[in-house]
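Asker: sequence below, structure please.
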Amino acid sequence: MATLADVARRAGVSPATASRVINGSSKPVADNLRERVLRAVADLRYVPNAHAQLLARPQRSVVGVVVHDVSDPYFAELTRGLQRVATDHGRLVIICNSYRDPERELEYVEMLRAQQVAAIVLAGSGYHDATFTARLAEKLAAYEATGGRVAVVGRHEHPGDAVMPANADGGRLLGAELLRQGHRRIGVVAGPQVLTTITDRLDGLRAALAEGGHPLSEERIRYADFDRDGGARAAGELLDAVPGLTALVALNDSMAVGALTLLRARDIPVPGQVSVVGFDDMPVAADVTPALTTVRLPLVELGARAMTLALGPAADRSRVEVLPATLVVRDSLGPAPD
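Answerer: Got it, this is the predicted structure:
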């Protein structure tokens, strides 16, 4: 395999000149020398070393994205938006799955910093963990000190550019609609308490129910893994512990699908006996039976806006954009039974 030195020797130029031509350096190179280098590259079928190009180019070509799990429909939609903007900017995206493991998230940030990526986007929920938050802030500050850019999706404690889904507003919309439909005995299928996303969605729901005169008690909340199996397990625990529930609020659509599965297995009609609502409006929400009432978040746009902030001109201060939530009413929600 030909080397850079081989190309320089064939073109009759210095290795530094050959490198400037091949790696697109901003330093000027005479046209005749450029032509000789490019001819030598073609003759020798030279393939540049990607790592060497990364070090030589004045503009970093790779961006890193840390998600909880790209197989989760929520993060798959976010990633679509992130990749679309990165591609438009001529950047390659490295996707890192933390699987909701804070230690792994810290490791990925360190690895991406070592790779000198142009930007890091944290697209997973923040954590209620002061020790983790301090360690993450330290690593991100070290990365930013080298010229890297950071943007986050959701509520994190890192000062910087952020795109926020209106999670609390979405919770309020669900609570208000449930009360309007006559529901008073409402259970909540929630994800892990350590996630800020759960706190925000639950706070909005609590506020709406309290304002309607029907506050949500802790006994009607179950925390579980933020997936289908967690939803089924939490729904079963609620139905066993709190008889007479007329509605289940799942704090994401995957958990809602699990709740629907559990209710079907117990021959409990939806929405005739128990209504089920979700959050996010994943593509599957319209396809399950009955079709799922849920809060729609503009997930692709959330990802696109985060990457736009990360790759756009730097701002003097942190920019925060909030994208709205809307309620999508489908067949899984009906009036409370008499």
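
Asker: help me confirm that residue 327 is found in a helix?
Answerer: No: counting by DSSP: H, G, I helix; E, B strand; the rest coil, one finds residue 327 to be strand, located in no helix.

Asker: residue 307 against residue 80, yeah?
Answerer: No: contact criterion CB atoms under 8 Å: residue 307 and residue 80 do not qualify, at 10.8 Å. Glycine gets a C-beta too; all of them are placed from N, C-alpha and C.

Asker: looking at the two, which one has more neighbours?
Answerer: More crowded of residue 307 and residue 80, by other CB atoms under 10 Å: residue 307, with 31 against 13.

Asker: where does that one land in three-state SS?
Answerer: helix.

Asker: ok, now which ones touch it?
Answerer: Counting by CB atoms under 8 Å, 6 or more residues apart in numbering, residue 307 touches 63, 81-82, 84-86, 89, 119, 121, 151.

Asker: how about the secondary structure of residue 288?
Answerer: Assignment for residue 288 (three-state DSSP): coil.

Asker: could you tell me how many residues sit around it?
Answerer: 19.

Asker: that one is in contact with residue 257, isn't it?
Answerer: Yes: if you go by CB under 8 Å, residue 288 and residue 257 touch, sitting 5.9 Å apart.

Asker: could you pull out the helices in this protein for me?
Answerer: Here the chain has its helices, by DSSP state H, at 4-11, 15-22, 31-44, 50-56, 73-88, 102-114, 130-145, 167-180, 196-211, 228-241, 253-265, 299-311.

Asker: can you name the residues in contact with the fifth one?
Answerer: Under the criterion CB under 8 Å, 6+ apart, residues 63, 65, 67-70, 92-93, 95, 121, 123-124, 153, 252-254, 280, 282-284, 299-308, 311 lie in contact with helix 73-88.

Asker: which of those are buried?
Answerer: Among the contacts of helix 73-88, those scoring as buried are 63, 65, 67-70, 93, 121, 123-124, 153, 252-254, 280, 282, 284, 299-308, 311 (criterion: 16 or more other CB atoms under 10 Å).

Asker: where does the protein have low pLDDT?
Answerer: The model of the chain has pLDDT under 70 over residues 24-26, 49-60.

Asker: is residue 249 in a bridge, and if so with what?
Answerer: On the basis of DSSP bridges, residue 249 is bridged to residue 188, residue 277.

Asker: distance check, it against residue 11.
Answerer: 68 Å (CB to CB, to the nearest Å).

Asker: looking at the two, which one has more neighbours?
Answerer: Remark: of residue 249 and residue 11, residue 249 carries more neighbours, 30 against 22, as counted by other CB under 10 Å.

Asker: show the contacting residues for the more buried one.
Answerer: With CB under 8 Å, 6+ apart, residue 249 has these contacts: 174, 178, 186-189, 205, 277.

Asker: could the residues you listed be laid out in TSV, adding neighbour count and distance to residue 110?
Answerer: Shown next, in TSV, are the contacts of residue 249 (neighbours: other CB atoms under 10 Å; distance: CB to CB, whole Å):
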residue	neighbour count	distance to residue 110
174	29	38
178	25	44
186	25	43
187	25	41
188	25	36
189	30	35
205	28	37
277	32	40
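
Asker: got JSON lines for those residues, with distance to residue 115 too?
Answerer: Shown next, in JSON lines, are the contacts of residue 249 (distance: CB to CB, whole Å):
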{"residue": "174", "distance to residue 115": "41"}
{"residue": "178", "distance to residue 115": "47"}
{"residue": "186", "distance to residue 115": "47"}
{"residue": "187", "distance to residue 115": "45"}
{"residue": "188", "distance to residue 115": "41"}
{"residue": "189", "distance to residue 115": "39"}
{"residue": "205", "distance to residue 115": "40"}
{"residue": "277", "distance to residue 115": "42"}
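
Asker: I figured residue 37 hits residue 16, correct?
Answerer: No: look at residue 37 against residue 16 with CB under 8 Å: they stay out of range, at 11.2 Å.

Asker: which ones are touching residue 209?
Answerer: Listed by CB under 8 Å, 6+ apart, the contact set of residue 209 reads 175, 178-179, 186, 215-216.

Asker: and which of those residues is nearest to residue 319?
Answerer: Of all the contacts of residue 209, residue 319 sits closest to residue 175, with 30.0 Å by CB to CB.

Asker: what is the burial count for that closest one?
Answerer: If you count neighbours by other CB under 10 Å, residue 175 ends up with 25.

Asker: how close does it sit to residue 213?
Answerer: Taking CB to CB, one finds residue 175 at 12 Å from residue 213.
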